[in-house]
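A.B. asks: Fold the following.
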Amino acid sequence: MVFAATAAWALLSVFVLIAAALPIGVEAQLAVAVACLTIMAAIKMTGLRGPFRPVFLGLGTFVILRYVFWRATSTIPSLESPLDFVPGVLLAVAEAYCVTMMFLSLFTVARPTDRPPAPRLSADAAPTVDVFVPSYNESVEILATTLVSAKAMHYPDGKLKIFLLDDGGTDEKVGSDDPDKAAAAMARRKNLQALCADLGVQYLTREQNTHAKAGNLNNGLINSDGEFVVIFDADHAPAKEFLRETVGYFSTDDRLFLVQTPHFFLNPDPIEKNLGARGMPAENEMFYGLVQKGLDTWNAAFFCGSAAVLRRQALEQVGGFHGSSITEDAETALELHSRRWKSLYIDKPMIAGLQPETFETFIGQRSRWCRGMVQILLLKNPLLKEGLTIPQRLCYLSSSMFWLFPLSRMAFIFAPMFYIFLNLKIYVANQQEFFAYTMTYMISAMMIQSYIFGRLRWPWASDVYEYIQSVHLFRAVLSVFVDPRRPKFNVTDKGLSLKESRLSGMALPYVLIFGLVTLSMGVIAFRYAHEPASRDMLTVVGVWTLLNMFLTGIALGAVSEFRERRTTPRVETKHKAVLSFGQQSIPVLIEDMSYGGLRVRVLDQTPLPVKALGTVTMTHPLDPEAVLTVPVATAGRRAFENGRGTGLKFYGVTPDRFRMLAEVVFSDIGRVHQTRSSAYKLYGVGLGTAFFVFTCLKQIGRGCYYVAFRRERQVTGSSPEQSAERNPA
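C.D. replies: A predicted model of the protein is given here:
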């Protein structure tokens, strides 16, 4: 039966390819494309799945292939005009890249896998586990919360060890020739050693920061002996059930080297926050909600650097974590997959982390990911890597080639300007052909994305994120091509705050590009009025440039940063506690909590003191005999509808403070994720486009205001690091 299905798909594919290459007139092409899009819209709007899924994708693929054939045979400039031909070919290559990536993506997510729960292991059968928390410059508050949450995970006594791997207090740093740096490193080391002693976890550092995070993790391997290794980034606090929901899978397959879980973040990324896109799925939802599940089908789900369990035996076979690239996670997984080891992905969020808070740190993080994946593409090309299956090669190729998007995005932004300013014809088409082929192709691609990813990604969201990143990542990609081994690992700062709303220090390129695109629209209008013979082509580049103006305009809002004084987000909760001031005890309900403080509702009529020190006491949810008591200071008071409440700041650094955080904020991450995801709105192509246009118009105005009135810090030369202030509380 499998053979029959494969043969049927092969025959259908051949038919689609032949049909896509048939020469027909422009009017016929438009009629055929509109008919296909109409059927696709009907399938999508009625929610048909099952056998209708291949019909939908087949019709969309047909429209796209029609465009590809026409684009390759009818729109490339003549070789006799090299000034037209060279940029014309480069633009065609950029489009070919996009089409290739779309088909690779469709292959990747063709059959996403949903895993059943992990087998439950008895205490005797449970293997030994070492938890590594690598750290470089994170605050004590962030580290302590992660360590306490890791220590609170459900696992048999004597079989779990927690290690803090400190790369900020290495011997090299402590012995630095710079006395200030040496003193800071020594102070950090002593503080973290004392913290680990209080929390009952082990502190490890090393001589030098060789090979960055990969070297730090390998130092952990050398100094531990657990059968399995769990990695949590410094700001990734795990839920209690993490080990119970993951380790059992390894008992089913001796060749399983990895169980990866999703990364879930408590705070929005800077683009999402600055654009005020309420109800929009987080950018990582598409990757962890569908792409990794698709990769899992082909045994290609890869290590994402955190929230994962790995088999020590497998790591030792390949020499530990690999550091040839600055994305040690994906590189290590590639090496192990090439040795016939297996991986597994479960779509259950069980860690809560922090996203970069400022635009600068966001771009810095994405630049590292980008350079690392391009390094893998060049240094360990998946197509040439021995030991991989064909599906694995395609999956890894998709994951690494994706990060070449800055090249195509920049090509699409500047391509129309070749005709607008230089009158170079790099895209040979009239407006009838443009609407019959190009526009129907774009609509088809958007409908496929909307149909496949649904609530996980809004229309135009990928375009917005990719353009915004491309402005700075373009140079990063080129630098890796020039010297693939040059990029160095940079740590992403977490726990930053902005004292005031401001224009990002990285905003200048976005302002200049938007100005250039706006000028292009003006030149188009002028030429359209004075060059009747060129109006056909001007219509084509006009539509193209209008789309570019929307993209570049919305980016102005992304780099216009809202003030954010709170360094970490608060998580809503409902826990009873007692607020005490001296001999006075007040029953309260904890309504939300963050690393730095909490908000409580008073449950009786007791008056609240102002600007006072006190304590919050809470009974441990799982151990009625255990009581958690944390010093607090009143931070303010506000009225609530059904009672009175007050904001409190944690006062001092005590183990109970972090145990309370672990119990209140991180004990049930699934509930927090479900609350967040249930608020996501479903936007199809129509509503998504309307929202995109509305947001663009709004952000252009906001961006222009920030450029005019909120750029003082950039004018005076302040660095992004000075504008973004670390606040450990």
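
A.B. asks: Looking at this structure, which helix is longest?
C.D. replies: helix 82-108 (DSSP state H).

A.B. asks: Show me what it is packed against.
C.D. replies: Contacts defined by 3 or more C-beta pairs under 8 Å, 6 or more residues apart in numbering; DSSP states H and E place helix 82-108 against helix 52-74, helix 390-401, helix 405-422, helix 440-453. Where C-beta positions appear, they are placed from N, C-alpha and C, glycine not excepted.

A.B. asks: and residue 680, how far is that from residue 244?
C.D. replies: Residue 680 sits 28 Å away from residue 244, going by C-beta to C-beta, to the nearest Å.

A.B. asks: tell me which residues in the helix or strand following the longest helix of the chain are buried?
C.D. replies: The helix or strand immediately downstream of helix 82-108 is strand 129-135, counting by DSSP states H and E. Within strand 129-135, the residues that count as buried by 16 or more other C-beta atoms under 10 Å are 129-135.

A.B. asks: for the residues you listed, which one is nearest residue 23?
C.D. replies: Lowest distance from residue 23 to the buried residues of strand 129-135 (C-beta to C-beta) belongs to residue 134, with 59.1 Å.

A.B. asks: Now do the same contact list for that closest one.
C.D. replies: Shown in contact with residue 134 (C-beta atoms under 8 Å, 6 or more residues apart in numbering): 165, 167, 213, 216-217, 220, 231, 233-234.

A.B. asks: who's it bridged to?
C.D. replies: residue 165 (DSSP bridges).

A.B. asks: next one: residue 630
C.D. replies: Counting by DSSP bridges, the residues bridging with residue 630 are residue 616.

A.B. asks: Let me know whether it touches residue 613 as I believe.
C.D. replies: No: if you go by C-beta atoms under 8 Å, residue 630 and residue 613 don't touch, sitting 11.7 Å apart.

A.B. asks: Number of residues surrounding the residue nearest to residue 464 when sequence neighbours are not counted?
C.D. replies: With C-beta to C-beta, 6 or more residues apart in numbering as the criterion, residue 464 has its nearest non-adjacent residue at 5.7 Å, and that residue is residue 554. For residue 554, the neighbour count with other C-beta atoms under 10 Å is 27.

A.B. asks: host element of residue 554?
C.D. replies: Residue-wise, residue 554 maps onto helix 535-558 under DSSP H and E.

A.B. asks: buried residues in that helix?
C.D. replies: 537-545, 547-558.

A.B. asks: and what of stretch 651-669?
C.D. replies: Here stretch 651-669 shows 651, 653-669 as buried, counting by 16+ other C-beta under 10 Å.

A.B. asks: With stretch 177-190 instead?
C.D. replies: Buried positions in stretch 177-190, judged by neighbour count with 16+ other C-beta under 10 Å: 184-185, 188-189.

A.B. asks: Need the CA coordinates for it. CSV is fine.
C.D. replies: Extracted in CSV, the C-alpha atoms of stretch 177-190 (Å, rounded to 0.1, in the frame of the first residue of the first chain):
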residue,chain,number,x,y,z
ASP,A,177,46.0,42.3,34.6
ASP,A,178,43.1,44.7,34.9
PRO,A,179,42.6,45.0,38.7
ASP,A,180,39.0,46.1,38.3
LYS,A,181,38.1,43.1,36.1
ALA,A,182,40.0,40.7,38.4
ALA,A,183,38.2,42.0,41.5
ALA,A,184,34.8,41.7,39.8
ALA,A,185,35.6,38.2,38.7
MET,A,186,36.7,37.2,42.2
ALA,A,187,33.7,38.8,43.8
ARG,A,188,31.4,36.9,41.4
ARG,A,189,33.2,33.6,42.1
LYS,A,190,32.9,34.0,45.9
